[in-house]
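[1] Turn this into a structure:
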Amino acid sequence: MAFSKFTVFASAITLAAVVAAPMANAKDWRGWNIHVEDYPVSHGMEAFMAEVTEKTGGEIKGKVFHQGVLGSQPDAIEQVRLGIIDFAEFNLGPMGQAVPEANVVSLPFIFKSIDQMHRAMDGAPGEALSTALADKGLIALGYYDAGARSFYNSKGPINTPADVEGMKVRVMNNDLFVNMIAAMGGNATPMAFAEVYQSLKTNVVDGAENNPPSYESTAHYEVAPFYSMSEHLIIPEVLVVSKKAWEGLTPEQQEIVKVAGKNSTMLQRELWAEREAKSMEVVKAAGVQVNMIEDKTPFQEAMAPVYETYLTNNPDMKGIVELFQNFE
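    Next up is the predicted model:
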């Protein structure tokens with residue numbers, strides 16, 4: 001049987017189209033992460049991408065770029081919103097400029113404990129925040145754990161707000177945190193994190209606040225040996241996918257990505273808890289006096305003026321603040 005040149009050419013095009021079809025449908029995602037590679041967040045993100053690749057049969061592949069190599073968090077937020085970066089993991093603290101509702105989780109004592117934060121972020125409060133994120137082009141897949149910030153100082157244990165009175169406390173440069181210390185009668189001192197150790201050592205400040213891994217890894221416990229588990233700030237992080245990338249998925253792929261996000265969240269929380277436990281072992285072995293604060297009600301009540309100022313400046317946030325406050 002004779003074949004014309006046209007027939008052979010057409011067959012070649014058809015074959016090429018068949019071979020190329022899977023490649024045309026494949027997606028190659030890029031993920032942004034500010035943390036080092038060996039970190040609970042990083043392991044969670046790698047597990048997420050691996051599960052998505054496996055469950056989609058390689059239709060969605062990707063790479064996590066660690067240590068902020070794709071840009072700063074503000075830049076990365078915009079790149080995800082535009083679809084330039086496909087997925088990322090962000091701390092909710094600095095997200096307020098892009099998503100005002102995210103500021104709610106930075107309110108002091110908005111959460112009662114880490115476990116309660118997990119329940120809230122997996123429940124109605126988290127859903128409300130996810131809706132706000134989606135409106136800005138960010139599809140939330142799960143809320144990671146970044147620990148709880150507690151007070152440490154060189155003077156003595158903090159058990160009540162009155163124990164903070166007159167104390168010079170380093171805080172992050174945010175009016176919410178400055179007002180938090182002022183509401184307890186203390187003197188807030190915003191300064192760069194790199195300056196805290198020397199400032200504690202030379203009594204420029206009496207104390208500071210941070211989560212256990214940060215307190216331990218920076219050796220702040222050497223110069224501030226009283227660690228009081230106030231857990232006043234529990235600011236979660238969020239694993240997101242670009243809305244543009246999300247809308248390019250089939251319903252089946254979306255379900256795979258959603259489940260992988262939940263599994264990744266559970267893994268990251270477990271790894272974070274392990275990391276915190278190891279840090280607490282180190283500081284206790286070094287002689288740090290750790291005290292738990294079982295009843296945080298006096299601290300929460302002391303924050304009334306902080307909340308009043310926040311809601312006066314942001315009246316449209318009243319509903320979501322109450323949703324978080326009233327969640328058990």
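
[2] which residues in the chain form strands?
    27-32, 60-65, 87-91, 138-144, 149-153, 168-171, 187-190, 207-210, 226-233, 237-242, 289-292 (DSSP state E).

[3] Any chance of these in CSV with mean neighbour count and mean pLDDT as columns?
    In short, each C-beta sits where N, CA and C put it, glycine included. As requested, the strands of the chain are exported to CSV (neighbours: other C-beta atoms under 10 Å; pLDDT from 0 to 100):
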stretch, mean neighbour count, mean pLDDT
strand 27-32, 19, 96
strand 60-65, 18, 97
strand 87-91, 25, 96
strand 138-144, 24, 98
strand 149-153, 25, 97
strand 168-171, 22, 97
strand 187-190, 17, 96
strand 207-210, 26, 97
strand 226-233, 23, 97
strand 237-242, 26, 98
strand 289-292, 14, 97
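
[4] Now render these as TSV, adding distance to G319.
    Below are these laid out as TSV (distance: least, C-beta to C-beta, whole Å):
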stretch	distance to G319
strand 27-32	31
strand 60-65	35
strand 87-91	23
strand 138-144	19
strand 149-153	26
strand 168-171	28
strand 187-190	29
strand 207-210	29
strand 226-233	22
strand 237-242	20
strand 289-292	33
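
[5] show me what contacts the closest residue to L70 other than its chain neighbours?
    Once flanking residues are discounted, L70 sits nearest to W32: 4.8 Å by C-beta to C-beta, 6 or more residues apart in numbering. Residues in contact with W32 (C-beta atoms under 8 Å, 6 or more residues apart in numbering) are F65, G68, L70, G71, A76, Q79, V80, I85, F87, A88, E89.

[6] For D122, see how far away W32 is.
    Distance from W32 to D122, counting by C-beta to C-beta, to the nearest Å: 24 Å.

[7] Do a quick rundown of the helices in the stretch 51-200 of the chain.
    73-82, 114-122, 124-135, 175-183, 196-201 (DSSP state H, counting those that start in this stretch).

[8] Of all those, which one comes closest to G44?
    helix 114-122 (14.2 Å; C-beta to C-beta).

[9] in that closest one, what's buried?
    In terms of neighbour count (16 or more other C-beta atoms under 10 Å), helix 114-122 has its buried residues at I114, M117, H118, R119, A120, M121.

[10] and what of stretch 308-320?
    Y310, N314, M317, I320.

[11] Now intersect those residues with the helices, please.
    Among the buried residues of stretch 308-320, the members falling in helices (DSSP state H) are Y310, I320.

[12] got the buried residues of stretch 308-320 as CSV, with distance to K258 and pLDDT columns?
    Below are the buried residues of stretch 308-320 laid out as CSV (distance: C-beta to C-beta, whole Å; pLDDT from 0 to 100):
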residue, distance to K258, pLDDT
Y310, 33, 95
N314, 31, 95
M317, 28, 97
I320, 23, 97
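
[13] Tell me the one of the buried residues of stretch 308-320 nearest L233?
    Y310 (14.0 Å).

[14] The closest one reaches M317, doesn't it?
    Yes: between Y310 and M317 there is a contact at 7.4 Å, judged by C-beta atoms under 8 Å.

[15] which neighbours do the two share?
    Common neighbours of Y310 and M317 (C-beta under 8 Å, 6+ apart) are N103.

[16] re earlier: may I see the helices of the stretch 51-200 of the chain arranged in CSV, with distance to G57 as well?
    Conversion of these to CSV gives the following (distance: least, C-beta to C-beta, whole Å):
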stretch, distance to G57
helix 73-82, 25
helix 114-122, 29
helix 124-135, 27
helix 175-183, 46
helix 196-201, 49
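
[17] Tell me who's in contact with the residue lying closest to V306 once chain neighbours are set aside.
    Nearest residue to V306, sequence neighbours excluded (C-beta to C-beta, 6+ apart): N179, at 4.7 Å. By C-beta under 8 Å, 6+ apart, the contact list for N179 reads A188, P305, V306, T309.

[18] Of those residues, which is the nearest to A102?
    Taking these together and measuring to A102 by C-beta to C-beta, the closest member is V306, at 17.3 Å.

[19] Check the gap between that closest one and Y227 for me.
    With C-beta to C-beta as the criterion, V306 and Y227 are 23 Å apart.

[20] How about V171?
    V171 is 16 Å from Y227, by C-beta to C-beta.

[21] what does A140 give?
    Relative to Y227, A140 is positioned 32 Å away (C-beta to C-beta).

[22] Which of the helices of the stretch 51-200 of the chain sits closest to V99?
    helix 124-135 (5.5 Å).

[23] Outside of the closest one itself, list whatever touches it.
    92, 99-102, 104-105, 120-121, 139-140, 143, 238, 240, 243, 320, 323-324, 327.
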